[in-house]
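Trainee: Give me a model of this one.
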Amino acid sequence: MVLPRVLLADDHALKSLATARGWYVSEAAAKLINVGLQHADELPDDLPRRVSHTESTDFTARIPLTDNEVVRAIASERDRSISVVAGALLHLGLRYRNEIPGQIPAQYTTPERPLTKAS
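Mentor: Take a look at the predicted model:
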């Protein structure tokens with residue numbers, strides 16, 4: 001479990017994504033952090049030490065243990081808080097949100113026909 005410190009604009013985008021996909025905010029955050037980890041090489045070198053409470057919000061996100069270990073390793077390596085690193089990864093995940101695995105819509109090869117009494 002992590003407490004990402006998320007910028008207010010990212011918080012709004014996260015909640016919109018969660019609503020659109022029918023997910024809990026925590027679930028959407030975990031998926032975005034996972035996508036962010038896939039692009040961790042794009043994390044800025046100069047992550048802030050702190051993010052102001054007036055510019056951000058935080059909440060609980062349950063992430064897989066493997067992701068948790070990587071987030072903690074990045075935080076330790078960069079000497080930053082886990083919350084700041086998780087928030088930065090979530091920000092990256094929002095940039096690449098189209099990479100979140102999701103349900104593929106059904107593809108029909110024949111057009112739909114009107115319902116009959118038998119159907």
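Trainee: contacting residues for the nearest residue to Asp10 once chain neighbours are set aside?
Mentor: Computed as CB to CB, 6 or more residues apart in numbering, the closest residue to Asp10 that is not its neighbour in sequence is His91, at 5.3 Å. To be clear about C-beta, it is placed using only N, CA and C from the backbone, and glycine gets the same treatment. For His91, the contact set (CB atoms under 8 Å, 6 or more residues apart in numbering) comprises 6-7, 10, 36.
Trainee: How about Val85?
Mentor: Val85 sits next to 43, 47, 71, 74-75, 78 when contact means CB under 8 Å, 6+ apart.
Trainee: Let's see that with 6 Å instead.
Mentor: 71, 74-75 (CB atoms under 6 Å, 6 or more residues apart in numbering).
Trainee: Helix or strand: which one has it?
Mentor: Using DSSP states H and E, Val85 maps to helix 82-95.
Trainee: List the buried residues of that helix.
Mentor: For helix 82-95, the neighbour count (16 or more other CB atoms under 10 Å) marks 82-94 as buried.
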